[in-house]
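*Asks:* heads up, no residue letters with this:
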């Protein structure tokens, strides 16, 4: 087993980072050729998923999140803490903080149009995010 932290800087709410190359570098450094890579992002206002990394579908994802957890809704979290990011917490919970991807011959076993991404959901302008990458296998 091999574990490494991947640190990324985001540009605020709605930023979506393609992690494919960074993850491949982690796998390469691990020396593991076949198995799985598990990814987990610290924080309750960011999420990990896979998506076709192209502008149209990225926009569609963000638009859909605006419908599910709108800016206009009043959130109990905001009333309690006054930080205005209640929607960020809800959106991140819906997508989730973790992802597991099969690895074969040192490569990700994803579909042709399927890239692992970090979705920044917090309302701040810029954030540093840490993703714990754990590679298991042989």
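*Replies:* Received, thanks. Quantities reported herein were computed from a predicted structural model and do not represent experimental measurements.
*Asks:* buried residues in the longest strand seen in the chain?
*Replies:* In the chain, with assignment by DSSP state E, the single longest strand is strand 127-137. Neighbour counts using 16 or more other CB atoms under 10 Å place 127, 129, 131, 133, 134, 135, 137 of strand 127-137 among the buried residues. C-beta coordinates here come from the backbone N, C-alpha and C atoms, glycine included.
*Asks:* cool, stretch 94-111 as well?
*Replies:* 95, 97, 99, 101, 103, 108.
*Asks:* same check, this time on stretch 60-76
*Replies:* Buried, per 16+ other CB under 10 Å, within stretch 60-76: 61, 62, 65, 69, 75.
*Asks:* same question for stretch 72-89.
*Replies:* Under 16+ other CB under 10 Å, the buried positions of stretch 72-89 are 75, 85, 86, 87, 88, 89.
*Asks:* show me what contacts the second one?
*Replies:* Residue 85 is in contact with 45, 77, 78, 122, 123, counting by CB atoms under 8 Å, 6 or more residues apart in numbering.
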